[in-house]
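Novice: Whatever this is, show me its structure:
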Amino acid sequence: MKTLFLAAVFGAATFAQEGPVPGNLANTEIHVLPAQGNVYMLVGAGGNIAVQVGHDGALIVDTQYAQLADKILAAIKKVSDRPLRYIVNTHYHADHIGGNEPLRKAGATIAGGNVAGDLGAAASEGAQIIAHDNVAKRMTAPTGQQAPTPTGAWPTDTFIDDEKKLWFNGEGIEIIHLPNAHTDGDSIVFFRRSDVIATGDLFTTTDYPVIDVAAGGTINGFINGVNRILDLVITVYGQEGGTMIIPGHGRLSDAGDLINYREMITIIRDRVQDMVKKGMTLEQVKAAKPTFDYDPLYGSNPRWTPDMFVEAVYKTLKK
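Specialist: Next up, the predicted model:
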């Protein structure tokens, strides 16, 4: 079980184009953990999945890998006997959208009527996939070119504004776009009644922030995104309890974990910024090891090393 958990939290730190699905997923287990209210957290391989359940059906945030779809559906059945209605993608990386197509096919979107109040409305084939428009752009391709993802995995409902709102299972849900952070299409999902936030890869407890520079990610946008999440968080006492946070990878968290993460990012950003102002080259900045004191906590992932993080910070600050 320990091996499976390590695969879950370390197996997804980088980008959609980085290569094959890690390891043999045949023995991967999907664990169901209660978060708060009617929201649960699924841990397997790839990004964590948030599941909101109730009378209207199930809504999930991210989908891990296609090979795990049956196991993910079985895990959802443990907490809900209702159909899967909505899938929300926090960004486009393969470890978060790999299961889109099979999970969408297993669900059913309610067409017509008020979802919350008219369960007798007709149901169409397939759950609805919601994502920011920039996610759809990165999953598709211009006419005549090969798309990086199958058409059945593409979002069916996109938005271009700062947020999209839903009312589902008696709860307000805010899908909030945070620009140019991890990528240019990141969204967090705030379950207002349950008081749970699914952050995607804007927050993890296992790795340094993955900044996909080629996809519009920036260190300052990342910090702005983390600060936006903190604006939504309310604690019971000090930094403990209250709003619960489902990270992209790692353990269920609260405000204290996120504050520590924000401080780490900000301190490293400021160190690198000072070196940039002094005219230091990228190799000189790497040699100075601005992450040194945080490496024992965040520097163990071979697919997103401290040097890779420093390089991404340096490049976006130089711009």
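
Novice: which stretches of the stretch 201-319 of the chain form helices?
Specialist: Taking DSSP state H, counting those that start in this stretch, the helices of the stretch 201-319 of the chain run over residues 219-232, 255-277, 282-288, 295-298, 306-318.

Novice: Would you format these as JSON lines with mean pLDDT, mean neighbour count and distance to G99 included?
Specialist: All C-beta atoms are positioned from the backbone trio N, CA, C, and that covers glycine. As requested, these are exported to JSON lines (pLDDT from 0 to 100; neighbours: other Cβ atoms under 10 Å; distance: least, Cβ to Cβ, whole Å):
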{"stretch": "helix 219-232", "mean pLDDT": "98", "mean neighbour count": "18", "distance to G99": "24"}
{"stretch": "helix 255-277", "mean pLDDT": "97", "mean neighbour count": "17", "distance to G99": "26"}
{"stretch": "helix 282-288", "mean pLDDT": "98", "mean neighbour count": "15", "distance to G99": "36"}
{"stretch": "helix 295-298", "mean pLDDT": "96", "mean neighbour count": "14", "distance to G99": "27"}
{"stretch": "helix 306-318", "mean pLDDT": "97", "mean neighbour count": "20", "distance to G99": "26"}
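
Novice: would you list those in JSON lines and tack on distance to R192?
Specialist: Converted to JSON lines, the helices of the stretch 201-319 of the chain look like this (distance: least, Cβ to Cβ, whole Å):
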{"stretch": "helix 219-232", "distance to R192": "9"}
{"stretch": "helix 255-277", "distance to R192": "16"}
{"stretch": "helix 282-288", "distance to R192": "41"}
{"stretch": "helix 295-298", "distance to R192": "30"}
{"stretch": "helix 306-318", "distance to R192": "32"}
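
Novice: nearest to G242, of those helices?
Specialist: Closest of the helices of the stretch 201-319 of the chain to G242 is helix 255-277, at 6.6 Å (criterion: Cβ to Cβ).

Novice: can you state the direction angle for that closest one and helix 219-232?
Specialist: Helix 255-277 runs at 160 degrees relative to helix 219-232, counting by axes from the mean of the first three to the mean of the last three Cα atoms, to 10 degrees.
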